[in-house]
Every structure is written in C-alpha cells, then in structure tokens.
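Trainee: what follows is a predicted protein model with its sequence.
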2 protein chains.
Amino acid sequence: MPLVVVGSIALDSVVTPTQTRDNILGGSAVFFSYAASYFTSVRLAGVVGEDWPCEHTNVLKARGIDTTGLQIIRGGKTFRWSGKYAANMNDRETLDIQLNVMNQFDPVLPESYRRCKFLFLANGSTKLQMKVLDQCTGPSLVVADTMDLWIRTEPKELRALIKRIDGLVLNDSEARLLTGIDNLVLAGHAVRELGPSFVVIKKGEHGAMFFSEHETYVLPAYPTPEVVDPTGAGDSFAGGMMGYLAEKDNFNPKTLKEAMAYGILVASFTVEDFSLERLKIIAREEIDVRMAEYKRMLSF
Amino acid sequence: MPLVVVGSIALDSVVTPTQTRDNILGGSAVFFSYAASYFTSVRLAGVVGEDWPCEHTNVLKARGIDTTGLQIIRGGKTFRWSGKYAANMNDRETLDIQLNVMNQFDPVLPESYRRCKFLFLANGSTKLQMKVLDQCTGPSLVVADTMDLWIRTEPKELRALIKRIDGLVLNDSEARLLTGIDNLVLAGHAVRELGPSFVVIKKGEHGAMFFSEHETYVLPAYPTPEVVDPTGAGDSFAGGMMGYLAEKDNFNPKTLKEAMAYGILVASFTVEDFSLERLKIIAREEIDVRMAEYKRMLSF
C-alpha cells in the first residue's frame, strides 16, 4: 500500500566528536521516506528553496519515492539545521536553525496522495500537520511525530491533533514534557489516554517502547559498534515502522511489533554514516539479515 | 550449587522525590544474596558493627542465606550510605558515605565457603576482592562487580583482578571510565579483552548488555510503572543472574542469557519498594510469571 509522508526537508550541518559535514541531505520526511522505501511505495510532500540541489531529488527518486508533492519555492532558501553531538553520541545541541521556506509552506497534497490509506505526519508544526490531515479522505492509519517545540508553543493544537490520529511517535523527553510524568511507562499510557490507540516512545540508543490499551513493551536498539551520525535515526525508525505496516497492509498487534523491530533496525543502519550514506548502499536483504540476528539476540 | 558472595552490608538512608527512609537494610552483598536466594543456597560474607540490628540477620536467614561469614565488630559502626534520587529515578547523588567497619574488614572465609564452585565478588575495594579470591580453592566461576571509586583509586589492582576472573559486571558509566571508550559495544568488548570471558554492562532502566568472544546482545529492562527506590537494582540483577547460574550449575551461552533475563526481572521487583520490602513478599513463582510475560514481550 502506498504511504504518504509530509514533513521537513533540510540541508544539515553536523558536527560529531570526530567529523564535520556541511549542507548534507536531511530532514524528517527525507529520512522517513528513504527508510520506508525498503518496504512500500512512498509519496513525499514537503518544501525546498531554489538552492535545493536536484541531485537530492534524484537520490529519492532512485528509490522509487514519488516526489510529486515536493514544492520548490522560487527565490526561497531550503530549511537548514545545524547540530553538534556530545562524545556519547546521544546528547546533541542544536547550533542553528533557519526555517526559511518552511515558514511559507502551505501543504497542498496532489490528488494521488489524498486517498492514501497510510499517512505519516513527520515532524513539523502542528498546524501544518492538521492542514495535511484535513486534505486526506479517510486514511486507515494516521501516525504523527512531534517535538518539544510544538509541545511548548502549540499545546492546544497538538491536543486537538492527537485526538484525531491513530498513533503518536515521540521521544522520551518529549513524552515527559507532554505529560509531566517522569516514569516512561506511566507517561506512555498517559499520552495514549489523550486519544491515539497506540503510542511509541523513542529512547535513542536504548530502543523504543510501545503502548496500546492492552500492551506495554520495550524493544532494545540493535547494539551497533559504529555510530557515526545519529541524525535522522528517529525519523528512519518511524519510516521503517510505517513502511512495514503499509507493506503488510494492516496494523494488528503482531504486525505493529514486527514494524517496531524493523524501525529499530533501519535506524541502526542510518546511524552508521552521515545523512543517507549508509542506507544508500544497503538492500532490503541486509535489513532482513540483521532482523534474523536481532531476533536471535532477543530469544532465550 | 551453593554460591558465595562477599561485599558490603549497609544501613542506607534514601531520599526519593516523594519519600524518605532512614537506616534501612542495604549493601551490595545484601541485595545480591536475597536476589540469589530464589534460585540457590547462598553463603554471605561481610562485616557489620555493633549497631547492626539482629532482625536484619534474621531477614536473611529466613530466606535460607548462610550468614556464618558475617563478622560483627565490637564497638564498630556499620557501613552507612545515604543517597538522593532525581525525578527521573535513574540519576542519583550520594549525600554521605561512612565506611566505618568496612575500613577494618579483613575477610576470612569460613572453611565451608572456600570450596564453593560459584563466587561473586560484590562491590568493595579491589584489594579486598583479591584477598577473598586468594582464599578460594579453584571455583569454577568467579564474577566481580566494581565501581568508579576503585577504577580511579586502584587501577593497577583492578586490572590484575580482572585477569583472574571469568566475568565482570559494571555499569555503563564505569565501562566508559575504565576503557575511555564512549560506544558501549566497543567499551564492552574492550573490557572483555582485559581478561574475563564475559562482561555485563548494566544500563539501569535501560537493561543490560552482554559481551563474550562470540556474542554481543542487549536485553531491555522490564517496563515497570512503579519505581519506588532503585537502590540495589544492580546488585539484585547480579544476584538473580549468579543465583540462576548456580542453580543450573553451568554457564554455557544459553544459561548465561537466561540468567541475564532472571537478573533483570529480580531487579524489576527490587525497585518497586525500598530496601528488600518488595522482594520479601514475592515467591519464585512470581518471578517466573513475570519471566513468561517478559519472553512474550520480546518475541515477535
């Protein structure tokens, strides 16, 4: 089943303890689409400026990602994010954000996108996420991501959005911020009680937790010795998860758990290099090999 | 198979965001023994002062723990530790440490302890751990715990000890401190290369990682909504793990992984109340029920 994603498309500058990269391909919708493309056909919507290198569009197209929904704003500049990672590669500091064309982004979904069954509202302003949702004609599964910025600045809109979606994906500190609850098990269920039928809390290098009315579980991250750049890990996780759900065309508890595991594994590849560099050179088979290893790791 | 443990026995004062307890039963060897007692017979060695309430000894004896190796020093005061937990219940600050009789502790193992096949050197000075090891006549499995204090103050002794043991258990920050490596997968294997055939890195609320020559895996913590006091979780983990190994009387890869899981689950009970309060009211059956749930959680 095709999967629609709307979110940020960025040029990132990343500083790690050992290396630096400038103006590399990034953004929530980019990492998401690429990760999801191993499992299903993906339709991407987002906005870039005139400075956007068309090679980047080609990178996405090369994986069969539909970029009909990519708006290019004449005279505009692409969204830029710059960040620096601590030695532990888990904590990071945002050095600079330039929203640029994101400020003008008025998402108008192509007709072919509007009837999709699977929709992911990647990180972006809640108002924008709501505008996208309003254009879709009854998707079966709507999952959204959010972040501290929107929890703080658009709390009312976010609560309204949360009531209309099936799943919410957010990280541990965001779950604590949204609920005021420190224990993640309690926080996860408190988020779920705001509306969605399931909630996923991402814990970075420690994996992810899942919450539904009848289930609470945690899956660890794949223990990778090679963490080069964690940027996009969370979006790749969501992409792998949603891509697998769309591939299976269902979201029953069994498929959701498998999808969580696929999300974790795609993310484990993303962090092994900058931008999409690692994902670019892997095939679905390599994800499945790692999945077999991951399953062995968790069985006893 | 009987299991010998030598380590600290303490009176703890614990401050959590919502509650405070003074002079409660604690110490690495206490949590370890109690946790291990669900699986095997335990022989405890340690030292206390004249202020030691004999009810505490009775609590241990009630679970069949052999306290022949418990030294009571006339006129001495029991080791005291006082700590305060942050709102996340994972970070803690040590408010006060009074070593008291631990300063004079000269471990002399009873004859019945010396020929044990399974030995755990719980947290304590490396020199003391070495003295204990020297008295044992060829145990099959020796596992030790350590902490930042000994890594900093007795680095030479610690490296010598590490060469003589089969397994080392330490937490994530300690593994980084010992190796100077931030990535935990690399750090775990670097510790292993110092001598032991396996290394376990405890990650608190995020579970534990295992490293041997041919295996690297991580198991998540059991997601408990009720964290009252995390004190002793790491020692309970080690107790559950070693207790299960001693019960099975082997330490092949399969048993080691099951033992890791049992350690995680016993620790998940420990944190649900202060001191040994939660463990005191559970039976082995409850650990096994949680194990069945944990296995379900990790299978997909």
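Mentor: Great, that's in hand.

Trainee: low-confidence ranges in the stretch 151-300 of chain A?
Mentor: Regions of the stretch 151-300 of chain A meeting the criterion pLDDT under 70 are absent.

Trainee: where do the strands sit along it?
Mentor: Assigned by DSSP state E, counting those that start in this stretch, the strands in the stretch 151-300 of chain A fall at A:167-171, A:198-202, A:208-212, A:216-219.

Trainee: near chain B, which residues of the stretch 201-300 of chain A?
Mentor: Residues of the stretch 201-300 of chain A lying close to chain B (CB under 8 Å from any CB of the partner chain) are A:203, A:205-207, A:209, A:216-221, A:223-225, A:227, A:254, A:257-258, A:261, A:295, A:297-300. For every residue, glycine as well, the C-beta is placed using N, CA and C.

Trainee: one more time with 7 Å
Mentor: Selection of the stretch 201-300 of chain A residues close to chain B by CB under 7 Å from any CB of the partner chain yields A:203, A:206-207, A:209, A:216-220, A:223-225, A:227, A:257-258, A:261, A:297-300.

Trainee: helices - which of those land there?
Mentor: Judged by DSSP state H, these include A:257, A:258, A:261, A:297 as members of helices.

Trainee: top of the residues you listed by neighbour count?
Mentor: For those, the largest number of neighbours (other CB atoms under 10 Å in any protein chain shown) sits with residue A:261, at 23 neighbours.

Trainee: list the contacts for it?
Mentor: Counting by CB atoms under 7 Å, 6 or more residues apart in numbering or on different chains, residue A:261 touches A:219, A:291, A:294, B:300.

Trainee: swap in residue A:190?
Mentor: Contacts of residue A:190 (CB under 7 Å, 6+ apart): A:179, A:181.

Trainee: enumerate every residue touching residue A:29.
Mentor: Counting by CB under 7 Å, 6+ apart, the residues that residue A:29 touches are A:5, A:6, A:7, A:8, A:9, A:44, A:46, A:122.

Trainee: reformat the strands of the stretch 151-300 of chain A as TSV; add mean neighbour count.
Mentor: Below are those laid out as TSV (neighbours: other CB atoms under 10 Å in any protein chain shown):
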stretch	mean neighbour count
strand A:167-171	25
strand A:198-202	24
strand A:208-212	24
strand A:216-219	22
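
Trainee: dump the ones you listed into JSON lines; add distance to residue A:32 as well.
Mentor: Formatted as JSON lines, the strands of the stretch 151-300 of chain A follow (distance: least, CB to CB, whole Å):
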{"stretch": "strand A:167-171", "distance to residue A:32": "10"}
{"stretch": "strand A:198-202", "distance to residue A:32": "13"}
{"stretch": "strand A:208-212", "distance to residue A:32": "15"}
{"stretch": "strand A:216-219", "distance to residue A:32": "19"}
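
Trainee: quick one on the thing from earlier: now render the contacts of residue A:261 as a markdown table, adding distance to residue B:272.
Mentor: Output for these, formatted as a markdown table (distance: CB to CB, whole Å):
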| residue | distance to residue B:272 |
| --- | --- |
| A:219 | 22 |
| A:291 | 34 |
| A:294 | 29 |
| B:300 | 27 |
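
Trainee: how many neighbours does residue A:68 have?
Mentor: Residue A:68: 12 neighbours (other CB under 10 Å).

Trainee: skipping adjacent residues, who's closest to it in space?
Mentor: Among residues not flanking residue A:68 along the chain, residue A:110 sits closest, at 4.8 Å (CB to CB, 6 or more residues apart in numbering or on different chains).

Trainee: surely that neighbour is in contact with residue A:70?
Mentor: No: using CB atoms under 7 Å, residue A:110 is not in contact with residue A:70, being 10.0 Å away.

Trainee: which of those two has more neighbours?
Mentor: For residue A:110 versus residue A:70, neighbours defined as other CB under 10 Å are more numerous around residue A:70 (20 against 14).

Trainee: mind checking how far the closest residue to the more buried one other than its chain neighbours is from residue B:265?
Mentor: Residue nearest to residue A:70 in three dimensions, not counting chain neighbours: residue A:46, with 5.9 Å by CB to CB, 6+ apart. Distance, residue A:46 to residue B:265, by CB to CB, to the nearest Å: 45 Å.

Trainee: more neighbours: which of those two?
Mentor: residue A:46 (27 against 24).

Trainee: helix or strand next in line after the helix or strand where the more buried one lies, which one?
Mentor: Element membership for residue A:46 (DSSP states H and E) is strand A:42-49. As assigned by DSSP H and E, the chain's next helix or strand after strand A:42-49 is helix A:54-61.

Trainee: how about that next one: buried residues?
Mentor: Going by neighbour count (16 or more other CB atoms under 10 Å in any protein chain shown), the buried part of helix A:54-61 is A:56, A:57, A:59, A:60.

Trainee: run a quick neighbour tally on residue A:117.
Mentor: 17.

Trainee: what's near enough to touch it?
Mentor: With CB under 7 Å, 6+ apart, residue A:117 has these contacts: A:1, A:139, A:140, A:141.

Trainee: if we can go back for a sec, got the ones in helices among the residues of the stretch 201-300 of chain A next to chain B as JSON lines, with distance to residue A:145 columns?
Mentor: Converted to JSON lines, these look like this (distance: CB to CB, whole Å):
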{"residue": "A:257", "distance to residue A:145": "19"}
{"residue": "A:258", "distance to residue A:145": "20"}
{"residue": "A:261", "distance to residue A:145": "19"}
{"residue": "A:297", "distance to residue A:145": "27"}
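
Trainee: which one among those gets closest to residue A:99?
Mentor: Comparing these against residue A:99 with CB to CB picks out residue A:261 as the nearest, at 34.4 Å.

Trainee: give me the number of residues near residue A:106?
Mentor: Other residues near residue A:106 come to 8 when the count uses other CB under 10 Å.

Trainee: let me fix that: residue A:299
Mentor: Neighbours of residue A:299 (other CB under 10 Å): 10.

Trainee: contacts only, for the most centrally placed residue in chain A.
Mentor: Residue closest to the average C-alpha location in chain A (CA atoms, centre = their mean): residue A:235, at 2.4 Å. Going by CB under 7 Å, 6+ apart, residue A:235 touches A:28, A:31, A:32, A:122.

Trainee: distance-wise, check it relative to chain B.
Mentor: Distance, residue A:235 to chain B, by CB to the nearest CB, to the nearest Å: 21 Å.

Trainee: now that residue, nearest residue through space, not along the chain?
Mentor: Nearest non-adjacent residue to residue A:235, counting by CB to CB, 6+ apart: residue A:31, 3.7 Å away.

Trainee: which pLDDT value belongs to the one you found?
Mentor: With respect to pLDDT, residue A:31 has a value of 98.

Trainee: in which helix or strand does it reside?
Mentor: Counting by DSSP H and E, residue A:31 is found in helix A:28-36.

Trainee: how far away is residue A:289 from residue A:295?
Mentor: Distance of residue A:289 to residue A:295, given as CB to CB: 11 Å.

Trainee: go on, residue A:211?
Mentor: 22 Å.

Trainee: ok, residue A:65 next?
Mentor: Counting by CB to CB - residue A:65 and residue A:295 are separated by 28 Å.

Trainee: touching, residue A:109 and residue A:134? I think so.
Mentor: No: when contacts are counted by CB under 7 Å, residue A:109 is not listed as touching residue A:134 (9.8 Å).

Trainee: out of those two, which sits in the busier spot?
Mentor: Neighbours were counted for residue A:109 and for residue A:134 using other CB under 10 Å; residue A:109 has more, 21 against 10.

Trainee: so which helix or strand takes in the more buried one?
Mentor: Residue A:109 belongs to no helix or strand, assigned by DSSP H and E.

Trainee: phi, psi of it?
Mentor: Dihedral pair for residue A:109: phi -80, psi 140, per degrees, to the nearest 10.

Trainee: need the pLDDT of the closest residue to it other than its chain neighbours.
Mentor: Nearest non-adjacent residue to residue A:109, counting by CB to CB, 6+ apart: residue A:135, 4.8 Å away. Per-residue confidence (pLDDT) for residue A:135: 97.
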